[in-house]
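Asks: Sharing a sequence plus its predicted fold:
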Amino acid sequence: MELMRFHRMLTDVVLEVGNEIFHAHRVVLAAASPYFKAMFTGGLSECEKDNIKLEGVSATAMKILIHFIYTGKMNITENIVCQLLPAAAMLQVTVAIDACCAFLEKQLDPSNAIGIAAFAESHGCVNLCRKANQYIERHFPEVSQEEEFFQLNSAELVRLIKKDGLNVQEEKEVYNAVLKWVEYDTRRQCEMENILSVVRCQCLPPKFLNDQMINCEFIKKAPACKEYLAKIFKDLTLHKRTKERERTPNIPRVIYVAGGYLRQSLDIVEGFNVDDKTWHKMDSLAIPRSGLGGAFLKGMFYAVGGRNTSPTQSYDSDWVERYNPFKDQWRTCNPMSVPRNRVGVAVMDGLLYAVGGSEGSKYHDSVECYDPDSDKWTSLRPMHSKRLALGLAVVNRLLYAIGGYDGVNRHTSVECYHPENNEWTLITPMKLPRSGAGVAAINQYIFVIGGYDGTRQLNQVERYDTEKNEWVFVAPMSKARSALSVTVLDYKIYAIGGYDGTNFSNSVEIYDPLKDEWAEGVSLTAGRSGHASAVCYQPPTPQCSQAT
């Protein structure tokens, strides 16, 4: 048929596109394109015409599309795709549209993703638009450095930064991107108040907010913006419950489990992919450790302190390592001021807190915090009690130290740390004494799970309401255990491993606070106790960075 078209054999229509003419067969065009089928069979005036003039399509794109209709072959390049896709969309050549979309999807990078998303939306390419927007969300830090980002109008910028799925390690990245957008064209300063209202400023540390009010020229020149940030600063320092939720990047979530004890200290690190429900081995710790603490901070998983116990040696560690999920690699950080075994670890205001623990027979009441930007530790006010194997939780920028062992007694006591005045205060104690319990916070509630009361391992779970200042029992685990780890994902608590008094458990139980029920999860590859766990968002790797 293509050969016949080339020699104008039995052709019965001429298409005029710009200065070009194309001889073709009506039946071939109608079979490939609903647009042409409607034109040639729908009683339109074109049914009777031998020459038809087409508007809204380039001659170059038309030449390629006609060749594709006849041969099924099409060479798509960066130079032609922006002409080809609109032409294919107008003529409703579905296969050509899909081919153009697939080509553009492979071209996605931070410099063009916004343009491709807008282009796809304007031509009704829903799937490509979705994938381009997903790419923008996943690569927001890189996209926000590109020219296309700075060319967004205010409505488009607001629509983008409202998204829950922006892949940022902290809200500072969104705030700073907005400032750069304003700096790009200072006439935009008048829109700052409206845009700032959709940045999740309640997720910013008070120190950062205060620095902005003092030092940022755009904030100082906009009284309404300064007043807005001042109100948020006040609420945060008064520890009021925030209405803003942290963002949930639309990328794979992984629960990392590091170290632990099984006949000796372990260096093993495993990741549980929540989406496909499988465990995968990761790069090992530099030093085997049990009794360590773990937390996720600014895209990195930190493993803090612990003890290295082996058949030949046993010593407590001040060692701190951080894991880069992108590189599957650990590197060392500055050590703590003292070794801390069975240490409590938590994150607040972008800082990593290490609380209590022990060095040999010395039990700590001391506290220090780590700034990942400066790689430095700072000593803070000590707790009222020495605490080994305590649990930590953060609610409304208050740090709670719960239970633990002082060398003589297991504590029911709970202390609360106020960062503004560097003070610890005692609050209502738990109902049961516990050390080695798992502790997790959801909304205004703190859950204390399992542990050891001095005579037996526990399966009981207590919940503390920080607003009502009261403890209640909730549904117990099916298995009693201590030295377990817990972590929160999708508003559910994962209780992982531990020791039941006889065996090292590989069991994982998942608690749903809304139903007050526990369910079985996918077991660890092997039992262990004294390990650390934290949830991390797995960044896209170079091999799979395209949106899927």
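Replies: Noted; the coordinates are in hand.
Asks: Other residues contacting stretch 479-486?
Replies: Under the criterion CB atoms under 8 Å, 6 or more residues apart in numbering, residues 257, 261, 291, 294, 389, 435-440, 447, 449-452, 456-459, 493-501, 505, 507, 509, 529-533 lie in contact with stretch 479-486. C-beta coordinates here come from the backbone N, C-alpha and C atoms, glycine included.
Asks: of those, buried ones?
Replies: Neighbour counting over the contacts of stretch 479-486 (16 or more other CB atoms under 10 Å) leaves 257, 261, 291, 294, 389, 435-440, 447, 449-452, 457-459, 493-500, 505, 507, 509, 529-533 as the buried ones.
Asks: Among the residues you listed, which are located in strands?
Replies: Judged by DSSP state E, those include 257, 294, 438-440, 447, 449, 493-499, 505, 507, 509, 532-533 as members of strands.
Asks: these two touch, right, residue 226 and residue 216?
Replies: No - contact criterion CB atoms under 8 Å: residue 226 and residue 216 do not qualify, at 9.0 Å.
Asks: which parts of whichever strand or helix holds residue 464 are buried?
Replies: Per DSSP states H and E, residue 464 falls inside strand 461-465. Neighbour-count burial for strand 461-465 flags 461-464 (criterion: 16+ other CB under 10 Å).
Asks: With just CA atoms, put that strand into CSV.
Replies: C-alpha atoms of strand 461-465 as CSV (Å, rounded to 0.1, in the frame of the first residue of the first chain):
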residue,chain,number,x,y,z
VAL,A,461,0.6,-2.6,76.0
GLU,A,462,0.0,0.8,77.7
ARG,A,463,-1.1,4.0,75.9
TYR,A,464,-0.4,7.4,77.3
ASP,A,465,-2.6,10.3,76.2
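Asks: Tell me which other helices or strands the very next helix or strand once past that strand touches.
Replies: Downstream of strand 461-465, the next assigned helix or strand under DSSP H and E is strand 470-474. Applying 3 or more CB pairs under 8 Å, 6 or more residues apart in numbering; DSSP states H and E, we find strand 470-474 packed against strand 461-465.
Asks: What strands line up against the strand it packs on, and which way round?
Replies: strand 445-449 (antiparallel), strand 470-474 (antiparallel) (DSSP bridges).
Asks: deepest of those strands, which one?
Replies: Highest mean neighbour count of the strands paired with strand 461-465: strand 445-449, a mean of 24 (counted as mean count of other CB atoms under 10 Å).
Asks: okay, the angle between it and strand 492-499?
Replies: 20 degrees (axes from the mean of the first three to the mean of the last three CA atoms, to 10 degrees).
Asks: outside of strand 445-449, which residues touch it?
Replies: Contact with strand 445-449 is made by 391, 393, 395, 400, 402-403, 430, 434, 437-441, 461-466, 474, 477, 484, 486, 493, 495, 511, 513, as judged by CB under 8 Å, 6+ apart.
Asks: Ok, stretch 108-118 next?
Replies: Here stretch 108-118 makes contact (CB under 8 Å, 6+ apart) with 104, 107, 128-129, 131-133, 135-136, 139, 142-143, 145-149, 152, 546-547.
Asks: what's the first-to-last distance across it?
Replies: Taking CA to CA, to the nearest Å, stretch 108-118 runs 13 Å from one end to the other.
Asks: try stretch 403-419
Replies: Stretch 403-419: ends 20 Å apart by CA to CA.
Asks: did I read that right, residue 148 in a strand?
Replies: No - using DSSP: H, G, I helix; E, B strand; the rest coil, the assignment for residue 148 is helix, not a strand.
Asks: Going by neighbour count, list what's buried in the helix or strand bottoming out on mean pLDDT in the chain.
Replies: Across the helices and strands of the chain, the lowest-confidence element by mean pLDDT, DSSP states H and E is helix 2-6, at a mean of 84. Buried residues in helix 2-6, counted by 16+ other CB under 10 Å: residue 5.
Asks: just checking, what packs against that helix?
Replies: Here helix 2-6 touches helix 59-71, going by 3+ CB pairs under 8 Å, 6+ apart.
Asks: how far is the helix it packs on from where the chain is centred?
Replies: 44 Å (CA atoms, centre = their mean, to the nearest Å).
Asks: which residues of this structure score low on pLDDT?
Replies: By pLDDT under 70, the low-scoring segments of the chain are 538-548.
Asks: Would you mind splitting it into its domains for me?
Replies: Listed domain ranges for the chain are 2-107, 181-237, 253-539 (source: automatic domain parsing).
Asks: Could you export those domains to TSV, including columns for distance to residue 171?
Replies: As requested, the domains of the chain are exported to TSV (distance: least, CB to CB, whole Å):
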stretch	distance to residue 171
domain 2-107	29
domain 181-237	4
domain 253-539	10
